[in-house]
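K.L.:
quick one, structure for this:
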Amino acid sequence: MPVNRNALIRYRTIDQCLQNRFKKWTLDDLIDACSDAIYEYQGIDTGVSRRTVQADMEMMRSNKLGYEAPIVVVDKKYYTYSDKNYSITNSPLNQQDMKVLSEVSDLLKQFKGFSHFTDLNEMVSKLEDKIYTQKTQSAPVIDFEKNDNLKGLEWIEVIRKYIVAKKTMCVTYQSFKAREASTFCFSGYLLKEYRNRWFMLGISHQRYKPLLNLALDRIQTIIAHDDDYIENTTIDFSTYYNDVIGVTKSPGQRDAEVVFWIDAKNAPYVITKPLHHTQMLLSEDDKGKIFSIRVIM
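P.N.:
Next up is the predicted model:
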């Protein structure tokens, strides 16, 4: 059955909330989350009623949309999924979903080949493979790199909303080296993915803290805080990582030329997958090749 955009936003919001098992979700919490999402995506500030959210959860529990979500009530107050691995995004696509996906895929394919839209190529391939798999009920023919067991992914959408809204968050965080967790106010600026691991870059409100890079898989809790958000006025994050491999960098660091030799057997791998966009071939012989890159050490 067709679903309007507002309902879909609410379903996805409820789904994201119930996947987050670090928080106990009351009906009022879910209403607030749905109201915030509708305002963010649709600009509607009238809120969402209690009856609407209750009806949404009943719809998600049913088979009308193919979800059959295992939503349960704990202690007569808190909502969660009985299956901790469940998500409506893992549910098989229905005919309406398939139609919409096909239309989106056809639209995106019109942009393939344009230099400004090169990042769409992988997205279109994923969409087409998903549609093919669902229609034919066969195994996928494209296998993109993924790791369903990665920790911290549940924070991506939470953090994104804080960054877009320019709101301060209170983060409880414990690095691998720390003996115990610490809690601090934080203004987030950028979500960064590197080799299937996600990081948040921003400023701690403790003055002695520099620009921090927090691994999402080490975050324990995130809640809103009333501290004023500290806006970024000095760093261009669109180019911030151009001179570094990975995610570790401090403002003010300067890059340097790094020259390295690769034996003839392994050199083709470095040529076809450069270590950095500044990589250059300096010289070569029968034994190997000498390359250079310009990065921060």
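
K.L.:
for stretch 284-297, buried residues please.
P.N.:
Buried residues in stretch 284-297, counting neighbours by 16 or more other C-beta atoms under 10 Å, are found at K289, F291, I293, V295, I296. From N, CA and C alone the C-beta is placed, and that goes for glycine too.

K.L.:
quick one, what contacts the first one?
P.N.:
By C-beta atoms under 8 Å, 6 or more residues apart in numbering, K289 lies in contact with W261, I262, A264, A267, V270, I271, L281, S283.

K.L.:
tell me the secondary structure for the first one?
P.N.:
Translated: W261. Recorded secondary structure, W261: strand (DSSP: H, G, I helix; E, B strand; the rest coil).

K.L.:
residues near it, how many?
P.N.:
By other C-beta atoms under 10 Å, 13 other residues sit near W261.

K.L.:
ok, it to K289 distance?
P.N.:
Using C-beta to C-beta, to the nearest Å, we find W261 at a distance of 7 Å from K289.

K.L.:
the residue nearest to E40 when sequence neighbours are not counted: neighbouring residues, count only.
P.N.:
Spatially, and ignoring its direct neighbours in sequence, E40 is nearest to K161 (6.7 Å; C-beta to C-beta, 6 or more residues apart in numbering). Using other C-beta under 10 Å, K161 is surrounded by 15 other residues.

K.L.:
and K161, what pLDDT?
P.N.:
Predicted confidence (pLDDT) for K161: 89.

K.L.:
ramachandran coordinates for it?
P.N.:
Per-residue torsions, K161: phi -70, psi -40 (degrees, to the nearest 10).

K.L.:
and S105, that one's in a helix?
P.N.:
Yes. Counting by three-state DSSP, one finds S105 located in a helix.

K.L.:
per-residue confidence for it?
P.N.:
For S105, pLDDT reads 71.

K.L.:
for the contacts of K289, which one is nearest T89?
P.N.:
Closest to T89 out of the contacts of K289 is V270 (36.9 Å), distances taken as C-beta to C-beta.

K.L.:
wait, doesn't that closest one sit right on W261?
P.N.:
No. V270 lies out of contact with W261 (C-beta atoms under 8 Å); the separation is 10.4 Å.

K.L.:
what touches both of those two?
P.N.:
K289, F291.

K.L.:
pull the contacting residues for I14.
P.N.:
L30, A33, C34, V53, D56, M57, M60.

K.L.:
for those, which entry has the maximal number of neighbours?
P.N.:
Ranking these using other C-beta under 10 Å puts C34 first, with 24 neighbours.

K.L.:
sec struct for that residue, please.
P.N.:
At C34 the chain is in helix, as set by three-state DSSP.

K.L.:
wait, doesn't it sit right on V48?
P.N.:
Yes. At 4.4 Å, C34 and V48 qualify as touching, with contact defined as C-beta under 8 Å.

K.L.:
residues shared between the contacts of the two?
P.N.:
Common neighbours of C34 and V48 (C-beta under 8 Å, 6+ apart) are R10.

K.L.:
pLDDT score for Y208?
P.N.:
Y208 is assigned 56 on the pLDDT scale.

K.L.:
and K249, how far is that from A165?
P.N.:
26 Å.

K.L.:
show me which of these two is the more surrounded one.
P.N.:
Taking neighbours as other C-beta under 10 Å, K249 and A165 compare with K249 leading, 17 against 12.

K.L.:
residues in contact with that one?
P.N.:
N213, Y240, Y241, I296.

K.L.:
now the helices for the protein?
P.N.:
5-19, 27-42, 50-61, 95-109, 120-136, 155-165, 267-272 (DSSP state H).

K.L.:
so which of these is nearest R179?
P.N.:
R179 lies closest, by C-beta to C-beta, to one member of the helices of the chain: helix 155-165, at 22.5 Å.

K.L.:
just how off-centre is the closest one within its chain?
P.N.:
9 Å (C-alpha atoms, centre = their mean, to the nearest Å).

K.L.:
re earlier: quick check: which of the helices of the chain is buried the most?
P.N.:
helix 5-19 (a mean of 19; mean count of other C-beta atoms under 10 Å).
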